[in-house]
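J.: Need coordinates for the below:
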Amino acid sequence: VVVELGCWLGLTTDFLLQAAGEAGEESELTVFAVDSWDASFLLSEQREQYAHDETAMATLHRCAETADGLYCAFLCHLWPWRSRVFAVRRQSGEGLRAIRRIGLAPDLIYID
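T.: So this is what the prediction gives:
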C-alpha cells in the first residue's frame, strides 16, 4: 500500500502502478491518492510553481472552469487502475488522518 500526497493528474500514480506491474511479479499495489484537486487554489496560491510550464497552466485553466475539473481529469487518467486507486479528496494532513482512522498502515508515503 502506497499513500501519495499531491497527485494532480495522476502521472506519478500511474507510473507507480505500472512499475509495480513490471517488477516481474503479480503486483497488487494499492495507492491511496491524496489531493484537494483544486485548480483554482493552484492558480491563485501556487501559480509561480506552474507559470513556466505552458501545458500545466493551460490544463489548470481548463480544469478550473468547473469545480471538479482537475479531480475528474485524475479519475479519467487512472480509470484503468480504478480497482487499485482510492482517491482521497482532502488536504494532505486531513487525508493522512482519514487513512489512519480506517486502520491503514502504508508501506510507503510518497510526497509529490
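J.: Can you pull out the low-pLDDT segments for the chain?
T.: 24-26 (pLDDT under 70).
J.: what about the strands in it?
T.: 2-5, 31-35, 85-89, 108-111 (DSSP state E).
J.: Looking at those strands, which one is packed in the most?
T.: Across the strands of the chain, averaging neighbours per residue (mean count of other C-beta atoms under 10 Å) puts strand 31-35 on top, at a mean of 25. Glycine gets a C-beta too; all of them are placed from N, C-alpha and C.
J.: got the angle for that strand vs strand 85-89?
T.: 20 degrees (axes from the mean of the first three to the mean of the last three C-alpha atoms, to 10 degrees).
J.: got the contact list for strand 31-35?
T.: Residues from elsewhere that reach strand 31-35 (C-beta atoms under 8 Å, 6 or more residues apart in numbering): 1-8, 10, 13, 16-17, 74, 78, 81, 84-90, 92, 95-96, 99, 104, 106.
J.: List the residues that contact Leu11.
T.: By C-beta under 8 Å, 6+ apart, Leu11 lies in contact with His77.
J.: oh, and call the first residue 19 from now on, that's how I've got it
T.: Okay, using 19 as the starting number, the last item reads as Leu29.
J.: how near is it to Ala74?
T.: 11 Å (C-beta to C-beta, to the nearest Å).
J.: and what of Phe33?
T.: For Phe33, the distance to Ala74 - C-beta to C-beta - is 17 Å.
J.: May I see the buried residues of stretch 76-84?
T.: Across stretch 76-84, burial judged by 16 or more other C-beta atoms under 10 Å covers Thr77, Leu78, Cys81, Ala82.
J.: Touching, the first one and His95? I think so.
T.: In other words, Thr77. No: taking C-beta atoms under 8 Å as the definition, Thr77 is not a contact partner of His95, at 11.3 Å.
J.: Quick check: neighbours shared by the two?
T.: In contact with both Thr77 and His95: Leu27, using C-beta under 8 Å, 6+ apart.
J.: Perfect, I'm done here.
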